[in-house]
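Participant: Coordinates for the following, if possible.
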Amino acid sequence: MLIPEEKQFNIWSPELTIPIPAIDVVIFTLYQNELCVVLLKQEEEGEKNYILPGWIVAKGYSLEENFDDILKRKTGITWVYKEQLYTFWNPWRDKRAHTLSISYFALVSMDNFFKSIDFTKVAILKYKDITPFNIWFKDKKIGTDHFEIIQYAKQRLEWKLEYTNIVKEILPGKFKMSQLQYMYEIIMWKIYDKRNFQKKIFSLKILSETWEFDTSTNRPAKLYEFIDSELKIVEKNSFV
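Facilitator: A predicted model of the protein is given here:
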C-alpha cells in the first residue's frame, strides 16, 4: 500500500517543538556471492555517496504501513523479512530538523530481489566495502549515523544466525549445502569445517532433502529446503 501524496507533506519547520519520527531501513541480500546492502544513490560534485532508504513517519498510519510505503517508493521492493532494530535519536543527526530514526533491518532473497528491485533508484554495495565516508549525503548532512545503523544491523543478523533459521530469508527456496555454509561464513566472517558444519546443521532438524539435484556442474549436488516457513528458534550458540 502506498500512502497518499498529500500525507507526505513538508514538516521541516524550525518552529516545530517536538522531534520528527522517521524510519530508516538496512536491507541485506546476497548479490554476486557477497553479503550486500541496498542503498539509495546520492551524488554531489561528481562524488558518489549513499544513504539508507527512509522517510518521515506519516500521521494516521501504522509503522508497518509506513515501512511498506518507504520500501516500495524508495527501492521498488514489495515484501521482505523485517525486524525493528533500535531508535537512533542524536539531535544533530539531520541538519534540517531533530529526527528520531526508528531503524529496521530487512532480508530479501535473490528469488524476490530481482522481481521487484528498481535499479534506477538504488545501488547494491558489498557490506565489506561500506565505510563512514561513503554512507551519508554530505551536502545536506543527512545520514551521518547511517554507517552506525548498518553496523548494528549486521551485528543483529549475526546474533540471529546463532540461534534461529533466519538465513532462510536470504537463500533461494532450494539450495545446496555449500550455499548454506557459505552464507554462514560470509555473515559470520569465519570458515567452518565442512563435515562439522553439516553434522551440526542436520542435528538441528531444520532442513529436509528435496530429492532434487543441482546439475549446473559436472558433480550434481543435493538440494535442500527449510522445513519451517516461519522464523524458528534453534539451539543457542549453534555456530559460534
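
Participant: alpha carbons only for contacts and neighbour counts from here, please
Facilitator: OK.

Participant: By mean pLDDT, point me to the weakest helix or strand of this protein.
Facilitator: helix 110-116 (a mean of 74; mean pLDDT, DSSP states H and E).

Participant: separation between the most centrally placed residue in the chain and residue 147?
Facilitator: Centroid check for the chain by Cα atoms, centre = their mean gives residue 27 as the closest residue, at 2.2 Å. As judged by Cα to Cα, to the nearest Å, residue 27 and residue 147 stand 13 Å apart.

Participant: again with residue 91
Facilitator: 17 Å.

Participant: Between those two, point out the one with more neighbours.
Facilitator: With neighbours defined as other Cα atoms under 10 Å, residue 91 and residue 147 compare such that residue 147 has more, 20 against 12.

Participant: hmm, back to that, so how far is whichever helix or strand comes after the least confident helix or strand of the chain off the chain centroid?
Facilitator: Per DSSP states H and E, the first helix or strand lying C-terminal to helix 110-116 is strand 122-126. Computed by Cα atoms, centre = their mean, to the nearest Å, the chain-centroid distance of strand 122-126 equals 11 Å.

Participant: just checking, what packs against strand 122-126?
Facilitator: On a contact count with 3 or more Cα pairs under 8 Å, 6 or more residues apart in numbering; DSSP states H and E, strand 122-126 meets strand 34-44.

Participant: Using PDB, list the CA coordinates for the following helix or strand past the strand it packs on.
Facilitator: With elements assigned by DSSP H and E, the helix or strand that comes after strand 34-44 is strand 47-51. Extracted in PDB, the C-alpha atoms of strand 47-51 (Å, rounded to 0.1, in the frame of the first residue of the first chain):
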ATOM      1  CA  GLU A  47      31.300  12.100  -5.900                       C
ATOM      2  CA  LYS A  48      29.000   9.200  -5.200                       C
ATOM      3  CA  ASN A  49      27.600   8.700  -1.700                       C
ATOM      4  CA  TYR A  50      24.800   6.500  -0.400                       C
ATOM      5  CA  ILE A  51      22.100   6.700   2.300                       C
END
